[in-house]
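Peer 1: dropping the sequence and predicted coords here.
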Amino acid sequence: MKKTHLLLNDLKKNRIKWLMLVPAAVAVILMCYIPMTGIVLAFKEFNYQDGIFGSPWIGLANFSYFFKSGKAWSITRNTILYNLAFLAVNTFFQITCAILLSELAHKHFKRITQSLMFLPYFISWVVVGAFVYNMFNYEFGAVNTLLRQLGLHSVDIYSNPKAWIPILIGASLLKNLGYGTVMYLASVVNIDDQLYEAADVDGATMWQKIWNITLPCIRPTMVILILLSIGTIMKGDFQMFWQVTGNNPMTLEVTDVIDTYVTRSLMYLQEFGMTSAAGLYQSVFSFILIMLANYAVKKVEPDYTLF
């Protein structure tokens, strides 16, 4: 009763704030929680006549089919390894660029640089895919045209799966560099200048100031952003993998991730049950990873955890 009374008092006292929260709450319920009822498809043999809830229940058969298909391990491996590479490379360059920008004295140049770095974040992956295709096409791509003019042999990127690993990592870096840099830059500029002034008095070099002042001060931001990234480590960037590689069947060994596999199975095979099982597997795995990562951080630095 006491908790209920406190809740009612809080609702009355902050009614305007709670009313402002209602549209967002309704949107989350409609767009996230209600569609989650479709999870039941993972345990059913779906057919159009009986519908989602009328189709026969088959238990874990869809999961068995997914794991026996021979693709479960490869697409899980690709998804995790690509996201780990994206996380490591993007974090390193985002922090590096944030520190470099914070050292720039000319405000106008700094703003122009930030804007140019942020611009690729708003470019559609469809445009990026078209750019990559025109760069690496075997017959008329810019790279192969230049190689032929130099008397060298053309390179068929689209039949060389491993060549797409650095291309995809570079595309992810180009797309996300500006956004992450701004996040870290906001943390860097909030560091107290007196810390750097004291370091200058002690004769510290720029590298010493970065290592002993800047990096420790932005560690909370770094940990939170990494935790959020770990939460999506089982989620492949569908648009990037689908558009940049052009859904090329010759590169699927290296470029196929859970999201593209599910989409392709749904489009061409109409496997509603199996794709739902793969999606549920992906979600549960992601949930377990973020919980374990958050628990590990809580053991070391309780103040840096998400919850």
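Peer 2: Perfect, thanks for sending it.

Peer 1: going by C-alpha atoms from here, please, whenever you check contacts or count neighbours.
Peer 2: Noted.

Peer 1: poorly predicted segments of the protein, please.
Peer 2: Within the chain, the ranges that satisfy pLDDT under 70 run 1-3, 5, 105.

Peer 1: can you count the residues close to K298?
Peer 2: By the criterion of other C-alpha atoms under 10 Å, K298 has 15 neighbours.

Peer 1: quick one: buried residues of whichever strand or helix holds it?
Peer 2: Assigned by DSSP states H and E, K298 falls within helix 272-300. The neighbour-count check on helix 272-300 (16 or more other C-alpha atoms under 10 Å) flags 272-283, 285-287, 289-291, 293-295, 297 as buried.

Peer 1: that helix packs against which elements?
Peer 2: Packing partners of helix 272-300 (3 or more C-alpha pairs under 8 Å, 6 or more residues apart in numbering; DSSP states H and E): helix 61-68, helix 219-231, helix 258-268.

Peer 1: angle of that helix against helix 219-231?
Peer 2: 160 degrees (axes from the mean of the first three to the mean of the last three C-alpha atoms, to 10 degrees).

Peer 1: these two touch, right, L119 and N176?
Peer 2: No - the criterion here is C-alpha atoms under 8 Å, and L119 misses it with N176 at 9.7 Å.

Peer 1: so between these two, which is more surrounded?
Peer 2: Comparing L119 with N176 by other C-alpha under 10 Å, the one with more neighbours is N176, at 20 against 15.

Peer 1: so the more buried one sits against N90, correct?
Peer 2: Yes - counting by C-alpha under 8 Å, N176 does reach N90; the two are 7.2 Å apart.

Peer 1: tell me, what's touching the two both at once?
Peer 2: Residues touching both N176 and N90 (C-alpha atoms under 8 Å, 6 or more residues apart in numbering): there are none.

Peer 1: how close does the closest residue to V223 other than its chain neighbours sit to Q94?
Peer 2: Leaving aside its chain neighbours, V223 sits nearest to Y304 (6.6 Å; criterion: C-alpha to C-alpha, 6 or more residues apart in numbering). For Y304, the distance to Q94 (C-alpha to C-alpha, to the nearest Å) stands at 20 Å.

Peer 1: tell me the domain boundaries of the protein?
Peer 2: 1-59, 70-304 (automatic domain parsing).
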